[in-house]
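Undergrad: mind folding the following:
(2 chains)
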Amino acid sequence: MLTFELVTPEGVKFTEEAYEVLLPTPNGQIGILPHHMPLVTLAVPGVIGIRRRADDPDSRIEHFATGGGFVEVDGKRLRLLADTAEHAEDIDELRAKEALERAQELQQTAEDHVALADATALIERNLARLKVTEIKRRHNRM
Amino acid sequence: MAQIQLIKRRMRSVNNTRQITKAMEMVAASKMRRAQEAALRSRTYTNSAKEVLARLNQLTPAANYPLFERREAVARRLIILITSDRGLAGAYNANLARLFIENIQADQARGTATSAIVIGAQGARLAARLDGVDLVGTYPDWPSEPTAADIRPISHTAIRLFADRLVDAVEVIYTNFISTIRQEAIFEPLLPALLPLQPGLEHELKRGVMGLEEATFEPSPESVMKAVVPRMIEAQLFQATLEAVASEQSMRMMAMKNASDNASELIEDLTLTYNGARQAGITQELAEITAGAEAIS
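TA: Numbers count the residues shown, from 1 in each chain, chains lettered A, B, ... in the order given. You can find the predicted model right below:
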C-alpha cells in the first residue's frame, strides 16, 4: 500500500492508505502504484483519482480537483503539494460554471500577459472542477 | 439629588460600554484561535516545500536561479506591509507603522527608493499620506481568515517585480505571533529567496531519510525548481499573513480585556461615590427633620 498525502497551504486534505493514485502531470495522467520508483514531478491543474483497494472498480475511485503543484514519490509514500485541492463532494457545479464564465470573460478582456496568465489559470482550475463533477455524475448513473 | 442622578447615568453608560468591550473580547478570542489553527495547518505545506527545495539544491544549485540572485546594489526595494482593516487592537497598527516609517527613512538615507504593497485599510491610509513611497497596490477589506488564493496576486506581483529587475529586494513587515500575550512587529526578507536550512535537515538529507536521493525529476530538476521556488515564496507570505491575523486578534483581545477591566474598576469607584452621596443625602434629610422638630417644640 501507498500512503497518499494531499497537502495544500490551507491544510492537509487527505492522508490515508491507497492502492493507486492518478495524477495530472505535464506529460499526461500518470498512475502511481506502491513501489513506484522515487520521483519528483510537477502536477498541472486537473483531476486526482484515488483507488483505495486493488479490486475497487473505477466507480469507487475518489476524486479531487486540483490547481496544480508538485509531487514527491518514494515507493511507500506519495505527497502532493497542491495550490488547491477540493474533494468531489465539496464542489458546487453551478458555482464552478459561473466562475468559469467569469474567468473566460477575464481572459477576453485581459490587458497584459500577467492578467492573461491569471485568467488562464482560473479557467484551468474551474475546468478541473467541472470535470470532477461530470465524473461523479457518470458514476452515479451507473 | 442632581449629583446622584448624574452618577447613576454615568454608571449605566460605563456598564453599556463594558458589555460591548466584553463581547469584542470574546469575538477576538475565537477569531484568534481559528487563525492559530490555520497557521498550524499551513506549516506542513511550508515544511514539505522546504524539504523538496533543500533536496533539489543538491542536484541543481539554487544559487543559479534568478529568484535567489543577491544583487550588490539595491536601487529600489519593495516592502509588503501587513496591517489590519480595523483599529481597536492596542498598539498593533502603531507598531507596524513605526517599523515601516523607520525603514523608509533608512532607505532615504541610503538613497534607495521604496515601493510598497499594503494589506489592510489602516496601513493603506498611512502609506497614502507618506512621501517618498511608491504605492504598488493596497488591499483593504482583507478577510479575517485569508486563504492562499487571497495571497497569490500579491506574491505574483512581488516575484514579477523582482524578476523584471524593477525592484532588487522584497521584504515583509508583519506582526509575529509569539504567544497569546506576546507579539512582535518584525521585518523579514522575502526575495532574494533564502535556502531553507533548518537545523537537522542537512543531517537528515545525508542519511537519506526522505528517500529522494535516487529520485528522478520530471521533466527536469530545473523545471521542478522553477515551480517550487515561487510556491515557497507564496507559502512564506501566506504564513506571515496568518501570523499577522493571529497577532491582530490577540492584541485586540488584550486591548478589550483591559478596557473591560478598566470599566469594572470605574463602576466600582462610581458605586462608592454614589453610595456616599446617597448616605450624605439621607443624613442631611435626617438633620433637617430633627432641626425642624426642635424648632416647633
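
Undergrad: wait, is A:L80 part of a helix?
TA: No - per DSSP: H, G, I helix; E, B strand; the rest coil, A:L80 lies outside any helix segment and is strand.

Undergrad: tell me how far the residue of chain A most remote from its centre lies from B:L96.
TA: Within chain A, the residue lying farthest from the chain centre (Cα atoms, centre = their mean) is A:E111, at 29.1 Å. A:E111 sits 33 Å away from B:L96 when distances are taken as Cβ to Cβ, to the nearest Å. No exception for glycine: its C-beta is placed from N, CA and C like everyone else's.

Undergrad: re earlier: look at the residue farthest from the centre of chain A and report its pLDDT.
TA: pLDDT for A:E111: 79.

Undergrad: okay, now the unreliable bits of the chain?
TA: Answering for chain A, as no chain was given. A:141-142 (pLDDT under 70).

Undergrad: sorry, I should have been clearer: chain B.
TA: Ranges of chain B meeting pLDDT under 70: B:1, B:196-214.

Undergrad: can you list the residues of chain A near chain B?
TA: Within chain A, the positions near chain B by Cβ under 8 Å from any Cβ of the partner chain are A:7-12, A:25-27, A:37-42, A:69-70, A:72-77, A:79, A:81, A:83-84, A:114, A:118.

Undergrad: what's the distance between the helix ranked longest in chain A and the middle of its chain?
TA: For chain A, the helix that runs over the most residues, judged by DSSP state H, is helix A:113-141. Distance, stretch centre to chain centre, for helix A:113-141: 10 Å (Cα atoms, centre = their mean, to the nearest Å).

Undergrad: which other helices and strands contact it?
TA: Helix A:113-141 sits against strand A:46-51, strand A:62-66, helix A:93-109, helix B:148-163, with contacts defined as 3 or more Cβ pairs under 8 Å, 6 or more residues apart in numbering or on different chains; DSSP states H and E.

Undergrad: so which of those is nearest B:E102?
TA: Set against B:E102 and scored by Cβ to Cβ, the helices and strands packed on helix A:113-141 come closest in helix B:148-163, at 21.0 Å.

Undergrad: what does the closest one rub up against?
TA: With Cβ atoms under 8 Å, 6 or more residues apart in numbering or on different chains as the test, helix B:148-163 has contacts from A:8-10, A:83-84, A:114, A:118, B:42, B:66-67, B:78, B:80, B:115, B:117, B:119, B:136-137, B:139, B:142-143, B:167-170, B:190-192, B:230, B:233-234, B:237-238, B:241.

Undergrad: now, the residues you listed that are in strands?
TA: Among these, the members found in strands (DSSP state E) are A:8, B:78, B:80, B:115, B:117, B:119, B:136-137, B:139, B:169-170, B:190-191.

Undergrad: now which of these would you call buried?
TA: A:T8, B:L78, B:I80, B:S115, B:I117, B:I119, B:V136, B:Y139, B:A169, B:V170, B:L190, B:L191 (16 or more other Cβ atoms under 10 Å in any protein chain shown).

Undergrad: biggest separation within the residues you listed, which pair?
TA: A:T8 and B:S115 (30.0 Å).

Undergrad: quick check: B:V170 touching B:E188?
TA: No - the criterion here is Cβ atoms under 8 Å, and B:V170 misses it with B:E188 at 10.0 Å.

Undergrad: how is chain A divided into domains?
TA: A:2-88, A:91-141 (automatic domain parsing).

Undergrad: quick one: which of the ones you listed is nearest B:R34?
TA: Among the domains of chain A, domain A:2-88 sits nearest to B:R34 (Cβ to Cβ), with 12.2 Å.

Undergrad: show me which residues of the stretch 1-150 of chain B sit near chain A.
TA: B:38, B:41-42, B:44-46, B:48-49, B:52, B:55-56, B:147-149.

Undergrad: for ChimeraX, what selects the buried ones among those residues?
TA: Those of the residues of the stretch 1-150 of chain B next to chain A that count as buried under 16+ other Cβ under 10 Å are selected in ChimeraX with:
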select /B:38,41,42,44,45,46,48,49,52,55,56,147,148
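
Undergrad: show me the residue of the stretch 51-200 of chain B that gets nearest to chain A, please.
TA: As assessed by Cβ to the nearest Cβ, chain A sits closest to B:A148 within the stretch 51-200 of chain B, at 3.9 Å.

Undergrad: what about that residue, distance to B:R231?
TA: For B:A148, the distance to B:R231 - Cβ to Cβ - is 10 Å.

Undergrad: mutual contacts of these two, please.
TA: The contact lists of B:A148 and B:R231 share A:D83, where a contact means Cβ under 8 Å, 6+ apart.

Undergrad: report the buried residues of the longest helix of chain A.
TA: A:118-133, A:135-136.

Undergrad: now tell me what touches stretch B:251-261 from outside.
TA: B:17-18, B:21-22, B:24-25, B:28-29, B:32, B:88-92, B:175, B:180-181, B:183.

Undergrad: so which of the residues you listed sit within strands?
TA: Among the contacts of stretch B:251-261, the members falling in strands (DSSP E) are B:T175, B:Q183.

Undergrad: would you list the buried entries among the contacts of stretch B:251-261?
TA: Counted by 16+ other Cβ under 10 Å, these give B:17-18, B:21-22, B:24-25, B:28-29, B:32, B:89-90, B:92, B:175, B:180, B:183 as buried.

Undergrad: among those residues, which are in helices?
TA: B:T17, B:R18, B:T21, B:K22, B:M24, B:E25, B:A28, B:A29, B:M32, B:Y92.

Undergrad: filter the residues of chain A next to chain B down to the buried ones, ChimeraX style.
TA: With 16+ other Cβ under 10 Å as the criterion, this ChimeraX line picks the buried residues out of the residues of chain A next to chain B:
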select /A:7,8,9,10,11,12,25,38,39,40,41,42,69,70,72,73,74,79,81,83,84,118
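
Undergrad: for B:P219, grab the count of nearby residues.
TA: 12 (other Cβ atoms under 10 Å in any protein chain shown).

Undergrad: show me the contacts for the closest residue to it other than its chain neighbours.
TA: In space, B:P219 comes closest to A:P26 once its chain neighbours are excluded; the distance is 6.3 Å by Cβ to Cβ, 6 or more residues apart in numbering or on different chains. A:P26 is in contact with A:T41, A:L42, A:V44, B:P219, counting by Cβ under 8 Å, 6+ apart.
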